[in-house]
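**Q** whatever this is, show me its structure:
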Amino acid sequence: MANIVAIVGRPNVGKSTLFNRLTDSRKAIVDSESGVTRDRHYGKSEWNGLEFSVIDTGGYVKGSEDVFEGEIRKQVNLAIDEANVILFVLDVSEGITEDDKVVANILRRSNKKIFIVSNKVDNFERQGQSGEFYALGLGEPYNISAISGSGTGELLDDVVKALEPDLELEELNIPKFAIVGRPNVGKSSFINALLGKERNIVTSIAGTTRDSINTRYTAFNHDFLLIDTAGIRKKSKVEEDLEFYSVMRSIRAIEDCDVVLLLLDATLGLEAQDINIFHLAESNRKGIVIVVNKWDLVEKTTNSTKEYEEKIRAKLAPFKDVPIVFTSTITKQRVLKAIEVAEHVNINRTKKIKTRELNDVMLAIVENQPPAAIKGKHVKIKFINQLPTHAPTFAFYCNLPQYVTEAYIRFLENRMREQFDLSGVPIQIFMRKK
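**A** Predicted coordinates for the structure are as follows:
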């Protein structure tokens with residue numbers, strides 16, 4: 001199960017600095033080039049051999065200060081729902097403010113492990129000042145300076161002790177499919193259409209503390225675990241802040257699964273938040289299937305399916321090799337087809353290509369279309385092998401790896417997809433010195 005650490009607190013206490021400190025320590029902020037909102041607020045960290053995700057909730061707080069309290073309540077409540085551990089950041093130079101009390105009141109009612117983080121403790125005098133935070137009734141404060149990093153080691157030592165890995169899902173050696181997407185795209189309807197009234201074929205697996213619904217499906221020669229993020233929070237609580245809600249809800253499901261079924265609303269198309277979730281799945285090297293739901297509500301023309309697909313793929317570039325299935329949960333049209341496609345993608349994701357076949361096929365392609373010479377230097381690729389990772393990863397051994405362009409790596413990736421059927425799977429290619 002994914003471990004999630006959420007950073008909460010009012011603005012300007014150093015949440016983002018702490019987030020950068022935790023994630024930069026491993027240079028693992030996800031997809032920092034792509035410029036989507038998720039990049040600044042979701043990252044990976046590792047301490048004492050344990051990997052976990054870090055969420056900076058502050059990046060999602062919008063609006064002027066007069067609406068701050070309502071915003072912070074939403075962020076903190078959602079962090080409580082989703083995270084295993086919460087870091088409550090305070091500014092030692094300002095002491096306890098009214099906004100800090102608001103956050104503390106919410107946190108005290110939760111059953112989550114809370115760490116009080118007294119930030120900006122960059123001299124001896126301020127160490128004594130942090131004693132004020134005992135008054136919040138949330139335990140002993142950890143003195144840190146997020147900018148310099150002092151104190152963060154002791155904090156992380158105790159954070160990872162509080163993250164107890166849940167191996168329950170790992171013991172089931174069956175594919176895990178996550179149903180994700182923005183609110184109101186039909187996730188609950190999709191799952192109900194899939195499960196139908198055949199309740200005897202469904203074995204419930206104990207949910208996590210966040211009430212995620214994990215269901216084993218064993219009908220029609222299928223056997224997989226369904227990780228459902230639908231319908232957990234009441235719609236009234238979601239309000240307008242759909243972006244934060246969707247990403248937080250999706251992170252755990254995506255990290256715990258093998259293949260992501262990303263549901264879209266056919267009447268709205270692929271929106272910015274869908275792309276965020278797609279990139280989240282891609283950066284975690286998960287298999288991906290796009291499911292266009294509510295297809296019964298779209299007016300059809302002769303080429304409407306093809307045109308719709310082309311629009312989606314254009315927005316997903318450069319990773320366009322993703323299967324797209326059009327469904328209707330009202331008519332149950334192609335609901336089972338979406339699962340069959342997910343199973344095929346899972347096979348692709350776990351595919352091991354024989355080294356000899358890999359070299360026979362790809363070296364012929366390289367010889368026919370070699371990398372362009374740069375400054376009179378010619379790159380010669382001599383050998384290829386697949387690395388032992390969870391998702392398809394390949395090493396191309398050559399004399400001058402530094403001269404191989406991104407465009408040529410993309411060319412190799414596209415040829416590999418054509419030759420070995422890697423549809424729906426993000427693949428990595430590394431150029432290495434032979």
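**Q** list phi and psi for the closest residue to Thr327 other than its chain neighbours.
**A** Closest residue to Thr327 apart from its sequence neighbours, by CB to CB, 6 or more residues apart in numbering: Arg334 at 4.7 Å. (Each C-beta comes from the backbone N, C-alpha and C, glycine too.) Backbone torsions for Arg334, taken as degrees, to the nearest 10, come to phi 60, psi 20.
**Q** show me the contacts for Arg334.
**A** Each residue near Arg334 by CB atoms under 8 Å, 6 or more residues apart in numbering is listed here: Val325, Phe326, Thr327, Ser328.
**Q** next, count neighbours for the first one.
**A** It stands for Val325. When neighbours are counted by other CB atoms under 10 Å, Val325 registers 20.
**Q** out of the contacts of Arg334, who's the most crowded?
**A** Within the contacts of Arg334, most neighbours by other CB under 10 Å means Thr327, with 27 neighbours.
**Q** tell me the buried residues in the host helix or strand of Ser188?
**A** For Ser188, the element it lies in under DSSP states H and E is helix 187-195. Neighbour counts using 16 or more other CB atoms under 10 Å place Lys187, Ser188, Ser189, Phe190, Ile191, Asn192, Ala193, Leu194, Leu195 of helix 187-195 among the buried residues.
**Q** which residue ranges of the stretch 301-434 of the chain form strands?
**A** 324-326, 381-386, 393-398, 428-433 (DSSP state E, counting those that start in this stretch).
**Q** cool, the stretch 101-250 of the chain as well?
**A** 113-119, 141-143, 176-180, 202-205, 213-217, 224-228.
**Q** quick one: which of those is nearest Phe411?
**A** strand 176-180 (31.0 Å; CB to CB).
**Q** other SSEs contacting that closest one?
**A** helix 187-195, strand 224-228, helix 242-256, strand 259-265, helix 335-349 (3 or more CB pairs under 8 Å, 6 or more residues apart in numbering; DSSP states H and E).
**Q** if we can go back for a sec, tell me the most buried of the strands of the stretch 101-250 of the chain?
**A** For these, the largest average neighbour count (mean count of other CB atoms under 10 Å) is found in strand 176-180, namely a mean of 25.
**Q** quick check, pLDDT for Gly14.
**A** The model reports Gly14 with a pLDDT of 88.
**Q** still on that earlier bit, can you check which of the strands of the stretch 301-434 of the chain gets nearest to Phe133?
**A** That would be strand 428-433 among the strands of the stretch 301-434 of the chain, by CB to CB, at 43.9 Å.
**Q** list the strands paired with that closest one, with their directions.
**A** Strand partners for strand 428-433, identified by DSSP bridges, are recorded as strand 393-398 (parallel).
**Q** now the strand it pairs with: mean pLDDT?
**A** Mean predicted lDDT for strand 393-398 stands at 96.
**Q** relative to strand 381-386, how tilted is that strand?
**A** Here strand 393-398 runs at an angle of 160 degrees relative to strand 381-386 (axes from the mean of the first three to the mean of the last three CA atoms, to 10 degrees).
**Q** who touches strand 393-398?
**A** By CB under 8 Å, 6+ apart, strand 393-398 touches 358, 362, 379-387, 404, 412, 416, 427-434.
**Q** follow-up on the earlier one: any chance of the buried residues of helix 187-195 in JSON lines, with pLDDT and distance to Tyr42 too?
**A** What follows is the buried residues of helix 187-195, written out as JSON lines (pLDDT from 0 to 100; distance: CB to CB, whole Å):
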{"residue": "Lys187", "pLDDT": "84", "distance to Tyr42": "21"}
{"residue": "Ser188", "pLDDT": "78", "distance to Tyr42": "25"}
{"residue": "Ser189", "pLDDT": "83", "distance to Tyr42": "28"}
{"residue": "Phe190", "pLDDT": "87", "distance to Tyr42": "25"}
{"residue": "Ile191", "pLDDT": "84", "distance to Tyr42": "25"}
{"residue": "Asn192", "pLDDT": "81", "distance to Tyr42": "30"}
{"residue": "Ala193", "pLDDT": "85", "distance to Tyr42": "31"}
{"residue": "Leu194", "pLDDT": "85", "distance to Tyr42": "29"}
{"residue": "Leu195", "pLDDT": "79", "distance to Tyr42": "30"}
